[in-house]
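Participant: Pasting the sequence and the predicted coordinates here, then a few questions.
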Amino acid sequence: MSYKLANEKDLEAMIGIVGKEYATNNKAITASYLAKSVMGLESQIPDIVVRPKYIEEIRKILVYCSQEKIAVSPVSGGLSGGFACPTIKPAGVLLDLSRMKRILEVDEENRYAVVEPGVTIGELWAYMHKNHPDWAPPIPDGAPPASTVMGDAIDRGFSLYTSSVGPQGDNFMCAEIVFPNGDIVRTGSWALPFAKPFYKYGLGPDIWSTIMGSQGALGVVTKVAVKIYPHPPYKTVIVWGMSNPYDMQNLTLELGKLEFGIAHHTVMVQGGNYPLVMTRWPKDKVPHDYKFYEELGISKWWMNWEIWAQEQSELDHVIEVINKKAIDFKENRAKDGAAIKPQQLHPKQIASRLKKPNKIAVPYAFYEAGFLFITWYTPWNECAHFAEMYTEIAEKYEIPPTLWIASIERCRQAICMPIVCFDSTKQSDFEKVQDMNREITEYGLKQGWLNYRPDPYIHAPLTFSQAAMYWKYLRKIKKIFDPNMIMHPGRLALP
Ligand SMILES: Cc1cc2nc3c(=O)[nH]c(=O)nc-3n(C[C@H](O)[C@H](O)[C@H](O)COP(=O)(O)OP(=O)(O)OC[C@H]3O[C@@H](n4cnc5c(N)ncnc54)[C@H](O)[C@@H]3O)c2cc1C
C-alpha cells in the first residue's frame, strides 16, 4: 500500500478546514508527538498535526485525506504511547482530538455519561467528584490523568472497578463515529434519532463492538456514552502475600468465584511480584536482592483486594470472609502454606491506593528511563503459568521480571502485564526488549493467550497469521468504512 507524502498544499487544505491556529507542519510541534515507550517502541513523526473541534471538521479532513491517500492517525490523549502516532512512512496527518473536551451529559438515573474524545480521565474524575459525588466513571485505574476515557475504550483497557464489573469494553454503550467514506454513524440505541444511549446492541448486529479495539484503524469516534457506577463511602484495601504465583492465582480464583456477595465488592483485585517495588525507584538507589525486601516484610508475590461497600457492616463482612477463606486455603490447599500471610498496609498506603487516578504505574520510568508494557489476556487460571514463563524469559534477557497481574470480571480473565524496564539511551536495549517481546509472543500465542493492544510489528502480524479467516473479514470491514485504507496504517496488521 502506498500513501501520498503530505505537502504544503495539503497543509493549506487542513488550514482551510480548521483555521491556521490548528494545523501545522512546524517540526518542533510535529516532533513533540513522537513517543517511544509504554505500548510500543517504534513511531514516526507526523507530517501535519491537525486539531479539529467539530465533527464536520473531522468529516472534511477524512474525506480530503481519503481522496488524496494521506494516512490519518487519531489521538485523544496520546498517552497510550508511541503508537498513538502513525506507524508508517510517510507518516501523514495526526488528528489531535484534545480540543473536543465537552462532558455533554451525566444521567444518574440511567447511569451513563456522554463525553467527547478530548475529555481526560483527570477532568472527568474531578467533574464527577464535584457535581455527581455519588457516582464514579470508569477511568483506567493506573493511567496518567492526561489520558482519556475514549482512548481507553478504543484500547479496550481496564477500569478502576474492572475486577467487579468486567473489561472496559463492557462499560461503553453507544458511540458516534466518522468514517473516511464520509458517513457519520451512531451505534446502539443511538442509531434512532431520539433514543437515549441505554442499549448497546442497538438495531440488530452491533457495529460498536467492531470499532472497540480498532485503535484508530477504522474511523474517528467523536462521542461516546459510558456507564457510571455508584461510588460508595466505605472502602479499603487488604493484601495477602505468598511465595509463588500458583498460590496467588488459586487463592484469588477461590475468592473470585464467590460472586453475588463477596467478589462483586472487590472492585480491583491486582497484585504481582516484589520487583514491582524496586522498579519504582532509580536503579542505582535500591538493592536488587530479594533479601532486602524480605527483611521489610514484603512477600515474593502478593494480591491486593480493593473493596467498596455501601455500609460499614458490608465492608467488615467482605473482609472477614476473604481473611477466613485465605486461612483455609493456606492450611488446606496451598503449595507453600507457611509463606501465605496477610500484609499490613500503612493507612497512607491505603489512602494512596484509593485515590484516583492513582498514577501507580508512572514511577516505573525512574528505574532505567525506558519502560514498556507487554500486556496479555489469559484465562485467570493460566496467569501463574504466564508468570513462570515470563520470569524465565526475562531473566534470560537480564531484564527484571517485573510482573503485574489483575483480575477482570471476578477472575474470568487475567490481565498479565510485564513492565519492562530498560535503558532508553541504549539501542542495544531496544533490540533486546523486542527480541524478548517476540519470544513471549510466539510462546503466548501457542497457549491461546491474546495481546491487550497488539503492536504492529510483532503482536499483530504473528496473531493474524494464525487467524487468517478473522483477518480476511477485518480487512473487508475496513474496506467498507475506509475504502482507501488511510486510517492508522499498520495498526492491527491492516492495510
Ligand atoms: C503509566 C501508564 C499507566 C496506564 N495504566 C492503565 C490502566 O490502569 N488501565 C488501562 O486500561 N490503561 C492504562 N494505560 C494505557 C492508556 O493510557 C490508557 O488506555 C489510556 O486511557 C489511553 O488513552 P489516550 O487518550 O492516551 O489514548 P490515545 O493514545 O490517544 O489512543 C489510543 C488508541 O486509540 C486510537 N484513538 C484515540 N482516540 C480515538 C478516537 N477518538 N477515535 C478513533 N481512534 C482513536 C489511537 O489511534 C490509538 O491507537 C496506562 C498507560 C500509561 C502510560
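Facilitator: Looks like it came in fine.
Participant: In a strand, residue 261, correct?
Facilitator: No: using DSSP: H, G, I helix; E, B strand; the rest coil, the assignment for residue 261 is coil, not a strand.
Participant: Poorly predicted segments of the chain, please.
Facilitator: Low-confidence segments of the chain (pLDDT under 70): 35-42, 81-89.
Participant: which one's the longest strand in it?
Facilitator: strand 413-423 (DSSP state E).
Participant: Pull up the pairing partners for that one, direction included.
Facilitator: As defined by DSSP bridges, the strand partners of strand 413-423 come to strand 369-373 (antiparallel), strand 376-379 (antiparallel), strand 403-408 (antiparallel).
Participant: After that strand, heading C-terminal, what element do we hit next?
Facilitator: helix 427-447 (DSSP states H and E).
Participant: tell me the angle that following helix makes with strand 369-373.
Facilitator: Between helix 427-447 and strand 369-373, the angle comes out at 10 degrees (axes from the mean of the first three to the mean of the last three CA atoms, to 10 degrees).
Participant: tell me how far the helix or strand just after helix 427-447 is from the chain's mean position?
Facilitator: Proceeding N to C from helix 427-447, the next assigned helix or strand is strand 450-451, under DSSP H and E. With CA atoms, centre = their mean, to the nearest Å as the basis, strand 450-451 stands 12 Å off its chain's centre.
Participant: quick one: strands adjacent to strand 450-451?
Facilitator: Going by DSSP bridges, the partners of strand 450-451 are strand 376-379 (antiparallel).
Participant: For the stretch 201-350 of the chain, list the residues in contact with the ligand, please.
Facilitator: With CB under 6 Å from any ligand atom as the criterion, the stretch 201-350 of the chain meets the ligand at residues 215-216, 220-221. No exception for glycine: its C-beta is placed from N, CA and C like everyone else's.
Participant: which of these tops the neighbour count?
Facilitator: residue 220 (29 neighbours; other CB atoms under 10 Å).
Participant: Check the contact between it and residue 95; I expect there is one.
Facilitator: Yes: in terms of CB atoms under 8 Å, residue 220 counts as a neighbour of residue 95; the distance is 6.6 Å.
Participant: what touches both of those two?
Facilitator: By CB atoms under 8 Å, 6 or more residues apart in numbering, residue 220 and residue 95 have these common neighbours: 58, 74.
Participant: So is the longest strand of the chain next to the ligand?
Facilitator: No: if you take CB under 6 Å from any ligand atom as the test, strand 413-423 misses the ligand, and the best it gets is 8.4 Å.
Participant: Nearest to residue 449 among the residues of the stretch 201-350 of the chain next to the ligand?
Facilitator: Set against residue 449, the nearest of those by CB to CB is residue 215 (18.9 Å).
Participant: if I look at the residue lying closest to the closest one once chain neighbours are set aside, how far off is residue 416?
Facilitator: Excluding its sequence neighbours, the residue lying closest to residue 215 (CB to CB, 6 or more residues apart in numbering) is residue 491, at 4.8 Å. Distance, residue 491 to residue 416, by CB to CB, to the nearest Å: 22 Å.
Participant: and the two? which has more neighbours close in?
Facilitator: Neighbour totals were compared for residue 491 and residue 416, and residue 416 leads with 28 against 23 (other CB under 10 Å).
Participant: ok, the more buried one touching residue 376?
Facilitator: Yes: if you go by CB under 8 Å, residue 416 and residue 376 touch, sitting 4.8 Å apart.
Participant: ok so, going back, select from the residues of the stretch 201-350 of the chain next to the ligand every entry located in strands.
Facilitator: Members of these lying in strands (criterion: DSSP E): 220-221.
Participant: Looking at the strands paired with strand 413-423, which is nearest to residue 133?
Facilitator: Of all those, strand 403-408 sits nearest to residue 133, with 26.0 Å by CB to CB.
Participant: Test my guess that residue 132 contacts residue 105.
Facilitator: No: counting by CB under 8 Å, residue 132 stays clear of residue 105, with 11.2 Å between them.
Participant: what about these two, which has more around it?
Facilitator: Just comparing residue 132 and residue 105: by other CB under 10 Å the higher neighbour count belongs to residue 132, 16 against 13.
Participant: give the contact list for the residue in the stretch 201-350 of the chain positioned nearest to the ligand.
Facilitator: Going by CB to the nearest ligand atom, the ligand is nearest to residue 216 of the stretch 201-350 of the chain, at 2.6 Å. Residue 216 makes contacts with 73-75, 84, 154, 487-488, 491, as judged by CB under 8 Å, 6+ apart.
Participant: now the strands paired with strand 413-423 as CSV including distance to residue 112?
Facilitator: CSV is the format used below for those (distance: least, CB to CB, whole Å):
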stretch, distance to residue 112
strand 369-373, 29
strand 376-379, 26
strand 403-408, 21
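Participant: Of all the ones you listed, which one is nearest residue 345?
Facilitator: Proximity to residue 345 (CB to CB) singles out strand 403-408 among the strands paired with strand 413-423, at 17.2 Å.
Participant: from the chain's centre, how far out does that closest one sit?
Facilitator: Relative to the mean C-alpha coordinate of its chain, strand 403-408 is positioned 12 Å out (CA atoms, centre = their mean).
Participant: Are it and the ligand in contact anywhere?
Facilitator: No: residues of strand 403-408 are not located near the ligand by CB under 6 Å from any ligand atom, the shortest gap being 8.4 Å.
Participant: which residues are common contacts for residue 416 and residue 376?
Facilitator: By the contact definition CB under 8 Å, 6+ apart, residue 416 and residue 376 are jointly contacted by 386, 449.
Participant: excluding its backbone neighbours, what's nearest residue 22?
Facilitator: Leaving aside its chain neighbours, residue 22 sits nearest to residue 51 (4.2 Å; criterion: CB to CB, 6+ apart).
Participant: if I read this right, that neighbour contacts residue 20, doesn't it?
Facilitator: No: with contact defined as CB under 8 Å, residue 51 does not count as touching residue 20 (11.4 Å).
Participant: who has more neighbours, those two?
Facilitator: Using other CB under 10 Å as the criterion, residue 51 and residue 20 rank with residue 51 on top: 21 against 11.
Participant: For residue 127, see how far away that one is.
Facilitator: Applying CB to CB, the value for residue 51 to residue 127 is 22 Å.
Participant: okay, how far is it across stretch 443-455, tip to tip?
Facilitator: End-to-end distance of stretch 443-455 (CA to CA, to the nearest Å): 16 Å.
Participant: in it, what counts as buried?
Facilitator: For stretch 443-455, burial by neighbour count (16 or more other CB atoms under 10 Å) applies to 444-445, 449, 451-455.
Participant: what residues are up against the residue positioned nearest the centre of the chain?
Facilitator: With distances taken as CA atoms, centre = their mean, the residue of the chain nearest its centroid is residue 157 (3.4 Å). Residue 157 makes contact with 140, 143, 167-168, 452, according to CB under 8 Å, 6+ apart.
Participant: next one: residue 215
Facilitator: Shown in contact with residue 215 (CB under 8 Å, 6+ apart): 83, 154-155, 453, 488, 491-492.
Participant: Any figure for the gap between residue 45 and residue 220?
Facilitator: From residue 45 to residue 220 the distance is 21 Å (CB to CB).
Participant: Tell me the spacing between residue 233 and residue 323.
Facilitator: To residue 323, residue 233 is 22 Å away according to CB to CB.
Participant: Tell me which stretches of the stretch 201-350 of the chain form helices.
Facilitator: For the stretch 201-350 of the chain, the helices defined by DSSP state H, counting those that start in this stretch occupy 208-211, 245-256, 275-278, 290-295, 312-332, 347-354.
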